[in-house]
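1. Structure for this input, please:
(one chain, ligands or ions: 2)
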Amino acid sequence: MTPKTFKIKSFGCQMNVYDGERIAELLSDRGLAAAGDGEEADLVVLNTCHIREKAAEKAYSDVGRLKREDGSRPLIALAGCVAQAEGAEAKSRSPMIDMVVGPQAYHRLPEMLEQVSRGARPVDTDMPAISKFDALPARRRANPSAFLTVQEGCDKFCTYCVVPYTRGAEISRPTGDILAEACLLAEAGAREVVLLGQNVNAWEHEGKGLADLIREVAKIDGLERIRYTTSHPADMSDALIAAHGEIDNLMPYLHLPVQSGSDRVLKAMNRSHTTESYLLTIEKMRAARPDVAISGDFIVGFPGETEEDFEATLKIVEDVRYASAYSFKYSARPGTPAAVMEDQIPREVMDDRLARLQARIAETQLAFNRSTVGLDTQILIERPGRRAGQMIGRSPWLQSVHVDTDAAPGTLLDITFTAAGPNSMTGAIRQKDAA
Ligand code: SAM
Ligand code: SF4
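-> Numbers count the residues shown, from 1 in each chain. Ligands and ions are numbered 1, 2, ... in the order given. As a prediction, this is how the structure comes out:
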């Protein structure tokens, strides 16, 4: 069967969301139509995440759920990091999978579909450097806040992490390609661009670093806001920190994962930063941009983590006063050094530590939100809220803001924060954006 309609389900990080958008554009370019909400599709692409065991297992239960009541099923492409990690084995685990395509090879999906139509079950987990970007069609659609991958892969090899194996070595896209894509996104309606990379602040091209790239992107007409994520503490250069005080449309927000507040654990994780160097970076950042919101990632229950190590993690949350943070229970990933370390932490201990950490993060997050009440600011409207007449936008500090307005997505709206909640803010309009 030649598929006429498709559906893409992306899981995990923002880079997967970006890849999902590019796959959709590629399939549309080949004449397939996106299936509407609630409609069945002839082809389903599961764009999977391998970072933790739960996410990886979900990929297979999702495949199983694609079987329809009458016993039929769509064509199924397993894409993303589970596809990369499991390759041909994925086909043996689930006979329903028709093709397996890794994150660096999805530009070849159209050829793979042809092979499937001839009865093959192709697997493509090649990593042909940067060529996927060259083979993809130009951007034609954009959300008000649009993702743009500028750097892929990772050479850091933190001992718990699968990314260096599933996404390959660090590669930076050339400046010209990135600027061309950013211009197209702006023309397609983006007002904000989020530069993405597994270690985005390690981006470099012809001797230029991320701060130089941001300066160039900031000149593009129509792009009012720039963000970047995710940064590694060891690659946070003074030039990038300084850029936060110099470039107006670079948002006052930094996602800088620390993972643990214990130097002993950081060493075992192979993180290449210490709590001291991390806190110094935050201090410099606050000197360059005093209102910056700091966000982070944490792992609890890394092998050998003691109660004392964990308490050091609680302490760093207090020291940094995070505006938001993601926290995870350590998940042993096959093939990573930490998976075979002694002293794996029992599940109940991890559950307890995660709950305590999340309670602490919730306190600093609420404190941050409360500290902004009364401020005049601008939000970028992204989508309708739950109530009629309400829209949700993002503040410069990435808070979700609920406002009573009929302003369309993409509008930059002047508001005053009127109330703070644990996970979002309420705002009232000051005056409508002339655009
Ligand atoms: N490159 C980024 C960095 O180094 O901070 C993060 C990339 S990773 C996709 C996102 C987050 O997943 C990490 O910051 C870490 O907190 C979490 N993570 C990665 N491997 C994990 C594992 N094996 N178990 C639990 N959490 C994990
Ligand atoms: Fe994974 Fe560490 Fe690389 Fe981040 S820096 S992607 S956590 S190996």
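2. so who does Leu250 touch?
-> Ile214, Ala218, Ile226, Arg227, Ala243, His244 (Cβ atoms under 8 Å, 6 or more residues apart in numbering). Glycine gets a C-beta too; all of them are placed from N, C-alpha and C.
3. what are the bridge partners for it, then?
-> For Leu250, the beta-bridge partners under DSSP bridges are Ile226.
4. what do you get for the one 5 residues further on?
-> Under DSSP bridges, the beta-bridge partners of His255 are Ser295.
5. Closest to ligand 2 out of the contacts of Leu250?
-> Arg227 (17.8 Å; Cβ to the nearest ligand atom).
6. mind listing what's buried in the helix or strand of the chain at the bottom of the mean pLDDT ranking?
-> Within the chain, confidence by mean pLDDT, DSSP states H and E is lowest for helix 131-135 among all helices and strands, at a mean of 85. By neighbour count on 16 or more other Cβ atoms under 10 Å, the buried set for helix 131-135 is Lys132, Phe133.
7. who does it touch, helix- and strand-wise?
-> Using 3 or more Cβ pairs under 8 Å, 6 or more residues apart in numbering; DSSP states H and E as the contact criterion, no helix or strand is in contact with helix 131-135.
8. which residues are in contact with it?
-> Taking Cβ under 8 Å, 6+ apart as the rule, helix 131-135 contacts Gln104, Ala105, Tyr106, His107, Arg108, Arg173, Asp177.
9. wait, isn't the fifth one in contact with Thr125?
-> It refers to Arg108. No - between Arg108 and Thr125 there is no contact under Cβ atoms under 8 Å: 10.9 Å.
10. Give me the contact status of stretch 328-345 with ligand 1.
-> Yes - contact of stretch 328-345 with ligand 1 (Cβ under 6 Å from any ligand atom) involves Phe328, Tyr330, Ser331, Arg333.
11. From those residues, pick the one nearest Gly296.
-> Distance to Gly296 across the residues of stretch 328-345 next to ligand 1 (Cβ to Cβ) is lowest for Phe328, with 11.6 Å.
12. after the host helix or strand of that closest one comes which helix or strand?
-> Taking DSSP states H and E as the definition, Phe328 sits inside strand 324-329. Downstream of strand 324-329, the next assigned helix or strand under DSSP H and E is helix 347-371.
13. just to revisit the earlier point, could you name the helices and strands sitting against the strand holding Phe328?
-> strand 293-300, helix 347-371.
14. just checking, what packs against the first one?
-> Using 3+ Cβ pairs under 8 Å, 6+ apart, the elements in contact with strand 293-300 are strand 253-255, helix 307-320, strand 324-329, helix 347-371.
15. Looking at those, which is nearest to Arg30?
-> Once these are compared by Cβ to Cβ, strand 253-255 is nearest, at 35.1 Å.
16. and that closest one with ligand 1, contact?
-> No - using Cβ under 6 Å from any ligand atom, strand 253-255 stays clear of ligand 1, with a minimum separation of 8.2 Å.
17. which outside residues touch that strand?
-> Here strand 253-255 has contacts from 227, 229-231, 244, 285, 292-297, 323, 396-398, using Cβ under 8 Å, 6+ apart.
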